[in-house]
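A.B. asks: I'd like to go over a predicted model; first the sequence, then the structure.
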Amino acid sequence: MRVSTARYEAFEAGVPHSGSRLATSLTLAAMSLGYGVVQLDVTIVNTALDAMGRTLGGGVAELQWVVSAYTIAFAAFILTAGALGDRIGAKRVFMAGFAIFTAASLACALSPNATGLIGARLVQGLAAAILVPNSLALLNHAYPDDRERGRAVAIWAAGASLALTAGPFVGGALITLVGWRAIFLVNLPIGLIGLWLSWRYATETTRAPSREIDLPGQLAAIGALGALAGAIIEGGALGWQHPAVLAAFASAALLAVLFVWRESRATQPMLPLSLFDHRLFSLTALVGLLVNVAIYGLIFVLSLYFQRINGLSAWWTGLAFVPMMAVVLPVNLLAPRLAERIGPCPTIVVGACVSALGCLGLLWIEAGTSYWAIFAQMIAISSGLGLLVPPLTSTLLGSVEKARSGIAAGVLNATRQTGSVLGVALFGSLVASEGAFVTGLHLSLVVSAAVLLLAAAVIGLGAPSRG
């Protein structure tokens, strides 16, 4: 009876009893499912864009909102989501995020029109922002030993990379066999399994009721990012001189100023501006934003190119992206070795330049261009991305004191997702003109290469010589 009481008290306190290796392993499985489903939805949707457009109506602008609604909520809410987990417990918040993500996925699948789908994707993105930081917090709690925690985080990240790679292939297969709504229904069993594993095996983290939630800063961040994305998206559809577009740009600027003002005065800001006093932190955060503008905006445009211009089915479009996504993981593993030889900042420069050369190599692409004629360039683009992300992350985390590594990682995630939002908005607007898709694609490639070379210059010329 004494043993049972001790275990009960430990359970109530959120402390796993000794010998609970199975529980920690299944906690890792739950956290990996949470991060994996978030990454799966980043790429799986791209293969469904054309099918969604035919079923729900609307042009490129509506499809941009389907992608951007998810990333806007993800980017804007991720810092607050981590603070919320600190305040009321990461397990509780993580499970709420999984439940919301699952319900929103069902709403996406049942959406009768583009407006309903965009709204459901917004909720999905909010839930994704909840899942990522709190899954890491629960892993940190489940694995107190540094070495075991490092291995667990590596598995967690590898699972997400696998989901990111599998997204186009799984999406293409589901759309071909069932229809585009199935790409969201596949999240339901993942969500239910993840919820059960979390409830049954994850232990609650220590709560910090004194941790404040910066609601005014949060609202300003969402408003600024949403207004900026809206201005760019609708600028391509309505024209850059349209009053609504100009008003959206003005609103984005005003809200951005209000956000900075709020963060400079909040006692517990969602984005501590003092982090940017570290030169290397500022540079790597900027590079993260620029790289995602270039890469994820280009993936959006190439998805439409394969389907709308070259007439590929969702299945073949998915297959077309598999090599591009698959090469990222092995190059990720090679990047630390290169960084040890030449330094992390030079490795970032090399990666950005390789991706930029891949973009420039695609400039002669036209309607009907063979896939194999652009295969090597696509591999170069993704290889450069795989090469620069690990040293970018480690350099940013190493630029601040260890106690602030969690919020630093959150800032990197937020800036990269912001880059994804802006990339899709910008490049989508370039190809939105009727009958001028290929011209817009060429311009997108030039912009992408220029942004990547700017990223290389920022870190190569701006970083301290010891970086």
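C.D. replies: Received it, and whenever you're ready, just let me know what you need. Residues are numbered from 1 along each chain as shown.
A.B. asks: Every contact and neighbour count from this point should use C-alpha atoms.
C.D. replies: Fine.
A.B. asks: Please name every helix or strand in contact with the biggest helix by length in the chain.
C.D. replies: In terms of residue count, the longest helix belonging to the chain (DSSP state H) is helix 146-177. Other helices and strands packing on helix 146-177, by 3 or more Cα pairs under 8 Å, 6 or more residues apart in numbering; DSSP states H and E, are helix 21-44, helix 114-142, helix 182-185, helix 314-326.
A.B. asks: Packed most tightly, which of those helices would that be?
C.D. replies: Burial among the helices and strands packed on helix 146-177, expressed as mean neighbours by mean count of other Cα atoms under 10 Å, is greatest for helix 114-142, which shows a mean of 25.
A.B. asks: What helices and strands are in contact with that helix?
C.D. replies: Helix 114-142 makes packing contacts with helix 21-44, helix 60-88, helix 90-109, helix 146-177 when contacts are defined by 3+ Cα pairs under 8 Å, 6+ apart.
A.B. asks: try 6 Å this time
C.D. replies: Contact analysis of helix 114-142 by 3 or more Cα pairs under 6 Å, 6 or more residues apart in numbering; DSSP states H and E lists helix 21-44, helix 60-88, helix 90-109 as its packing neighbours.
A.B. asks: angle of it against helix 90-109?
C.D. replies: If you take axes from the mean of the first three to the mean of the last three Cα atoms, to 10 degrees, helix 114-142 sits at 160 degrees to helix 90-109.
A.B. asks: got the angle for helix 114-142 vs helix 146-177?
C.D. replies: Helix 114-142 and helix 146-177 are oriented at 160 degrees to each other (the same axes, to 10 degrees).
A.B. asks: ok so, going back, pLDDT of the longest helix of the chain, averaged?
C.D. replies: Per-region confidence: helix 146-177 scores 82 on mean pLDDT.
A.B. asks: again, but for stretch 281-299
C.D. replies: Confidence for stretch 281-299, expressed as mean pLDDT, is 93.
A.B. asks: Distance from the chain centre to stretch 277-293, please.
C.D. replies: 16 Å (Cα atoms, centre = their mean, to the nearest Å).
A.B. asks: Identify the residue spatially nearest to Gly119, adjacent ones excluded.
C.D. replies: What sits nearest to Gly119 in space, not counting adjacent residues and going by Cα to Cα, 6 or more residues apart in numbering, is Ala69, at 7.5 Å.
A.B. asks: Neighbours of that neighbour, how many?
C.D. replies: In terms of burial, Ala69 registers 25 neighbours under the definition other Cα atoms under 10 Å.
A.B. asks: got it, and Arg54?
C.D. replies: Arg54 has 10 neighbouring residues, counting by other Cα under 10 Å.
A.B. asks: which SSE is it in?
C.D. replies: Under the criterion DSSP states H and E, the helix or strand holding Arg54 is helix 49-56.
A.B. asks: Any figure for the gap between Phe389 and Ala463?
C.D. replies: In this structure residue 389 is Val, not Phe. For Val389, the distance to Ala463 equals 16 Å [Cα to Cα, to the nearest Å].
A.B. asks: what about these two, which has more around it?
C.D. replies: When Val389 is set against Ala463 and neighbours are counted by other Cα under 10 Å, the residue ahead is Val389, at 23 against 18.
A.B. asks: State the next helix or strand along the chain beyond whatever helix or strand the more buried one lives in.
C.D. replies: Using DSSP H and E, Val389 sits in helix 371-398. In the C-terminal direction, the helix or strand that comes right after helix 371-398 (DSSP H and E) is helix 405-430.
A.B. asks: List the buried residues of the helix or strand just after that next one.
C.D. replies: Beyond helix 405-430 on the C-terminal side, the first helix or strand identified by DSSP H and E is helix 437-462. Using 16 or more other Cα atoms under 10 Å as the burial criterion, the residues of helix 437-462 that qualify are 437-438, 440-460.
A.B. asks: ok so, going back, just put the helices and strands packed on helix 114-142 in CSV and tack on mean pLDDT.
C.D. replies: As requested, the helices and strands packed on helix 114-142 are arranged in CSV below (pLDDT from 0 to 100):
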stretch, mean pLDDT
helix 21-44, 90
helix 60-88, 87
helix 90-109, 95
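A.B. asks: Out of those helices, the one nearest Met325 is which?
C.D. replies: Nearest to Met325 among those is helix 21-44 (9.3 Å), distances taken as Cα to Cα.
A.B. asks: Show me the shaky parts of the stretch 251-400 of the chain.
C.D. replies: For the stretch 251-400 of the chain, not a single residue meets the criterion pLDDT under 70.
A.B. asks: quick one: Val411 from Ser420, how far?
C.D. replies: Note on Val411: its distance to Ser420, by Cα to Cα, is 14 Å.
A.B. asks: out of these two, which sits in the busier spot?
C.D. replies: Comparing Val411 with Ser420 by neighbour count (other Cα under 10 Å), the higher total belongs to Ser420, at 29 against 23.
A.B. asks: With adjacent residues omitted, what lies nearest to the residue most central in space within the chain?
C.D. replies: To find the centre residue of the chain, average its C-alpha atoms and take the closest one (Cα atoms, centre = their mean): that gives Gln417, at 4.9 Å. Computed as Cα to Cα, 6+ apart, the closest residue to Gln417 that is not its neighbour in sequence is Ala75, at 5.0 Å.
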